[in-house]
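A.B. asks: 3D, please:
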Amino acid sequence: MLFRSEAALAARLLGDGELGASAALAYGRVFAFGIVDPVLVDMLEESLEALAPGDSALRARLLARLAAALQPSPKSDEPVAVAREAIATARRLDDRAALLDTIYTALAALMDMVDPAETLALNLEVERLALDAQDRERLLRTHLRLAICHLGMGDI
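C.D. replies: Okay, here's the model as predicted:
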């Protein structure tokens, strides 16, 4: 907790939005399923405000992590909209690593909240990107998500 506070404070004092974003993403690296951490949400929102306007891989990653951090939400439309914005931002970039990271992370906000056909298509895209990147961890987790999608569609 002290590291997070010190990194966020240093970023603020230096006026360095990218440092703040890195601190927020590092703090939020581990997902806490079913728990909304208001400190993480604040760090991500503050980091997004501090970034220069326009599309960037960092903005896409921050948006995706924010969407995931906001779930579960009594208003699931809001995190879903942020997740979709993150994915749209990443698609406008020519950066396959950012696209993989963004879609994979945004799916944490979308799973069980949108039509399984939508999450199936996104997970299949993550599967292709993870195979290309030889990202075994994401590939394994994506296969679990694919099973959930198929079950949600009644495809045993």
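
A.B. asks: neighbours of residue 97, just the number please.
C.D. replies: By other CB atoms under 10 Å, the residues close to residue 97 number 14. All C-beta spots, glycine's among them, are computed from the backbone N, C-alpha and C.

A.B. asks: Next: the one 4 residues further on.
C.D. replies: Here the neighbour count serves as a burial measure; for residue 101 (other CB under 10 Å) it reads 24.

A.B. asks: Quick one: residues contacting it.
C.D. replies: Going by CB atoms under 8 Å, 6 or more residues apart in numbering, residue 101 touches 61, 64, 90.

A.B. asks: Quick check on the residues you listed: which are buried?
C.D. replies: Buried members of the contacts of residue 101, counted by 16 or more other CB atoms under 10 Å: 61, 64, 90.

A.B. asks: For the second one, pull up the helix or strand it's in.
C.D. replies: So the one you mean is residue 64. For residue 64, the element it lies in under DSSP states H and E is helix 57-69.

A.B. asks: For the most centrally placed residue in the chain, list the residues it contacts.
C.D. replies: In the chain, the centroid-proximal residue (CA atoms, centre = their mean) is residue 64; its distance is 2.7 Å. Shown in contact with residue 64 (CB under 8 Å, 6+ apart): 83, 86-87, 90, 101-103, 105-106, 109.
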